[in-house]
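1. model this:
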Amino acid sequence: MARSNRDGQRKRRDSFPKRVPDLGYYIILTDANETEKNYLNGLQRSLPKELQGRLVIRVIKSKTDKMVAVCKEQLSYEPQYGIPWIVFDRDTVVPFDAIIAQAEREGINVGWSNPCIEIWFDAYLGKMHSYMDSVTCCREFGKTYERRTGQEYEKAEERIYETLNRFGNEDEAIRIASDRMRQHQRDGKNKPSEMCPGTTLYGLIHEVKLKSFGRLEK
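-> Okay, the predicted model is just below:
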């Protein structure tokens, strides 16, 4: 039932405070031209159309260890995109910890996954398994994915974000991933390379979604 105002008149539904976005301008760089790019493009599509332009997603052609330098260069060209993220997997990246440490020193956020982004996808489907290498992770996630969706997992699937949200639960994935990170910290693991399985991509997704949909106008 609609409430009344001080004059005893009913408030119209559209007079209640509306949710307004607090989303800044993000530039997100990844070194993968299929899985990560397609997933992030799906994240962009999930936002209200008026906000989609606030996420710029780029695939860099340089080696992974050059991502921080490339990100800084992009920021100099497009300073309005003041919230930078780089997204990459441990996989076979040797200077994994060093890249993350360098990014943090430079004020660049990192969405890393250890061993690979499929460990984050795994959380969408209810559990982050203890897969310790990317080959095993991709193979076993593919089995889970096929059981849940009825279709074969393809790393180049363009609608991977939509499929994960259709058959899985993004809020639960965020909880699972954040709980796993806290457990690593309780276990005294301080290096990202030691935090396997683990990912910080949940931080990017949570932040973008919260700022797009979750703030009440004051």
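2. Low-confidence ranges, the chain, go.
-> 1-21, 215-218 (pLDDT under 70).
3. Helices along the protein, start to end?
-> Secondary structure of the chain (DSSP state H): helices located at 35-45, 67-77, 96-105, 118-124, 134-149, 160-167, 170-186, 201-213.
4. now the ones you listed as CSV including distance to D22 and mean neighbour count?
-> (Glycine included, C-beta is placed from N, CA and C.) Listed next are these as CSV, based on distance: least, C-beta to C-beta, whole Å; neighbours: other C-beta atoms under 10 Å:
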stretch, distance to D22, mean neighbour count
helix 35-45, 17, 20
helix 67-77, 21, 16
helix 96-105, 24, 16
helix 118-124, 24, 27
helix 134-149, 33, 16
helix 160-167, 22, 18
helix 170-186, 18, 16
helix 201-213, 5, 19
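5. Turn those into JSON lines, columns for distance to S193.
-> Output for the helices of the chain, formatted as JSON lines (distance: least, C-beta to C-beta, whole Å):
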{"stretch": "helix 35-45", "distance to S193": "19"}
{"stretch": "helix 67-77", "distance to S193": "16"}
{"stretch": "helix 96-105", "distance to S193": "5"}
{"stretch": "helix 118-124", "distance to S193": "14"}
{"stretch": "helix 134-149", "distance to S193": "13"}
{"stretch": "helix 160-167", "distance to S193": "25"}
{"stretch": "helix 170-186", "distance to S193": "11"}
{"stretch": "helix 201-213", "distance to S193": "16"}
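6. for the ones you listed, which one sits closest to M195?
-> Shortest separation from M195 across the helices of the chain is recorded for helix 170-186, at 4.3 Å, computed as C-beta to C-beta.
7. All good on my end, thank you.
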